[in-house]
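**Student:** Need coordinates for the below:
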Amino acid sequence: MPFLRRWEPFKDFIEKFFEEDTFSPFYPIKSLATDVYETNEDIVVEMQVPGYKKEDIKVSFEDGYLKVEGKSEEEREDKEKNYWRKEIKRGSFLRVIPIPKEVDSKKAKASFSEGILKIKLPKIEKEEIPGEEIKIE
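**Tutor:** Residues are numbered from 1 along each chain as shown. So this is what the prediction gives:
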């Protein structure tokens, strides 16, 4: 027997509004593919930012969140080019990535090469404080 699901177009629209970046005023985030992984020493974030120069990108870290934003001017459509299709987008983007471990943002390093932004955030090892017995009086 097939599974029947009630059609709720408004609910579907709202869910897609918040899940997809179709309605975002920023550059579509789905095109900014991002890898976040951990090594023995660092949390590493690699992000594809094609079409941007390193001068166009700003990276910051605050309260456990890595914030990457960029701005590139939109090219004016050139009437002499006689476009058949115009899909390349320019503009701004903002990506906020939660970092679930303690890191030393003062020692963070970022590099940019061939459209890939790589950010290394050195991990901070929490000191394990041994518990003490509490005597009951």
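
**Student:** Verify the assumption that residue 93 is located in a helix.
**Tutor:** No - applying DSSP: H, G, I helix; E, B strand; the rest coil, one finds residue 93 to be strand, outside a helix.

**Student:** That one against residue 47, yeah?
**Tutor:** No - in this structure, residue 93 is not within contact of residue 47 by C-beta atoms under 8 Å, at 9.8 Å. All C-beta atoms are positioned from the backbone trio N, CA, C, and that covers glycine.

**Student:** give me the low-pLDDT residue ranges for this structure?
**Tutor:** Scanning the chain for pLDDT under 70 picks out 1-7, 9-31, 74-80, 88-90, 127-131, 137.

**Student:** Run through the helices of it in chain order.
**Tutor:** Remark: helices assigned in the chain by DSSP state H are 9-19.

**Student:** where do the strands sit along this structure?
**Tutor:** 34-38, 42-48, 57-62, 65-71, 92-98, 109-113, 116-122 (DSSP state E).

**Student:** angle of the fourth one against strand 57-62?
**Tutor:** Right, the one you point to is strand 65-71. Inter-element angle recorded for strand 65-71 and strand 57-62: 160 degrees (by axes from the mean of the first three to the mean of the last three C-alpha atoms, to 10 degrees).
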